[in-house]
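In: Structure here, sequence nowhere to be found:
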């Protein structure tokens, strides 16, 4: 067998669990390469090594060059890559999943394909936002109304708490600078959250497009899940950043750093994984990072793959 250069590819059970990883690292205007089992980042300020297996998601901003060897290592270690625009306000593409299993994807597709089970999952999502109320009998129209009132109240509360003027949520995705400071901060904070949620969803082998509340967009499920955490994380941070920023501050960068710190302190990745398991009715201790493949069968359900079966007459 031909000897392979570089570090040996890790097997799945050797990789850090998703919940144990650093949340996300944002890189822009830099060169990303590989050295043994670490990715290296070099820019005008210097050079650092980052253990690839400890990173949950790598956000690649503009001006980033990445080598094939670095992508190979990132793929082997299950790190999710997300290509984003300037200041992280655009989300372009992502890499492969950490989990080598379609178990959750199949469950997700089954639940979203039936109106009753889809409504049940949607209600679960709203129940997370209204823990002191029973929303199990409310219609989607009623739930949307409750959620709208809740978010407006949160904006008013944060505006008063930080003494930041608030009119309404307003932003132009093609012109980040045109928004007010608090709207810029909200955009940057939410996109950082979307990137993290996206990485967890695809890392578990689920579809970002199969949403239960949002629909018709390839990130529908990302928006569904991210909405569970905005009130506690990104909205308060955005108002805090707006209240403490000076006219010349880079609000996008300042917000991302604050969100990153909140992610690290709050162990939100574990929370997202736990919530996804709850939404999909999967037990917390159930193994989901299995590396197995079978052949589907209409009578036996699953049969072993890699076998040369004889023709049945």
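Out: Here it is on my side, so go on. Predicted, not measured: the structure shown is a model, and the values here were computed from it. Residues are numbered from 1 along each chain as shown.

In: helix/strand/coil for the spatially closest residue to residue 221 that is not a sequence neighbour?
Out: Distances taken as CB to CB, 6 or more residues apart in numbering put residue 211 closest to residue 221, at 4.4 Å, once the chain neighbours are dropped. Glycine gets a C-beta too; all of them are placed from N, C-alpha and C. Put simply, residue 211 is coil when judged by DSSP: H, G, I helix; E, B strand; the rest coil.

In: what separates residue 211 from residue 263, distance-wise?
Out: According to CB to CB, to the nearest Å, residue 211 stands 22 Å off from residue 263.

In: ok, these two, which is more surrounded?
Out: residue 211 (24 against 20; other CB atoms under 10 Å).

In: Below-threshold pLDDT in this structure: ranges please.
Out: 1-24, 86-91, 96-100, 264-266, 284-313 (pLDDT under 70).

In: Just give me the residue right at the centre of it.
Out: residue 197 (1.8 Å; CA atoms, centre = their mean).

In: quick one: that one is in a helix?
Out: Yes. Using three-state DSSP, the assignment for residue 197 is a helix.

In: residue contacts, it?
Out: 222, 225-226, 229, 272 (CB atoms under 8 Å, 6 or more residues apart in numbering).

In: and the closest residue to residue 130 other than its chain neighbours, how many residues sit next to it?
Out: Leaving aside its chain neighbours, residue 130 sits nearest to residue 146 (6.8 Å; criterion: CB to CB, 6+ apart). For residue 146, the count of nearby residues is 16 (other CB under 10 Å).

In: Report the buried residues of the helix or strand containing residue 146.
Out: Here residue 146 sits within helix 140-162, counting by DSSP states H and E. For helix 140-162, burial by neighbour count (16 or more other CB atoms under 10 Å) applies to 143, 146-147, 151, 154-155, 158-159, 162.

In: residue ranges of the strands in the protein, please?
Out: Listed in chain order, the strands of the chain (DSSP state E) span residues 22-27, 30-35, 38-43, 46-51, 55-60, 64-66, 80-84, 91-94, 294-297, 301-304.

In: now what about the shortest one, what contacts it?
Out: Outside strand 64-66, the residues that touch it by CB under 8 Å, 6+ apart are 27-33, 60.

In: Now the two most distant members of these.
Out: Maximum pairwise distance in the contacts of strand 64-66, criterion CB to CB, is 15.8 Å, between 28 and 33.

In: What backbone torsions are found at residue 132?
Out: phi -100, psi 0 (degrees, to the nearest 10).

In: What count of nearby residues applies to it?
Out: 4.

In: One more: residue 179?
Out: 20.

In: Just to check, it is in contact with residue 187?
Out: Yes. Applying CB atoms under 8 Å, one finds residue 179 in contact with residue 187, separated by 6.6 Å.

In: correct me, but residue 190 touches residue 229?
Out: No. With contact defined as CB under 8 Å, residue 190 and residue 229 do not form a contacting pair (10.0 Å).

In: coming back round to it: residues in contact with the residue nearest to residue 221?
Out: 112, 217, 220-224.
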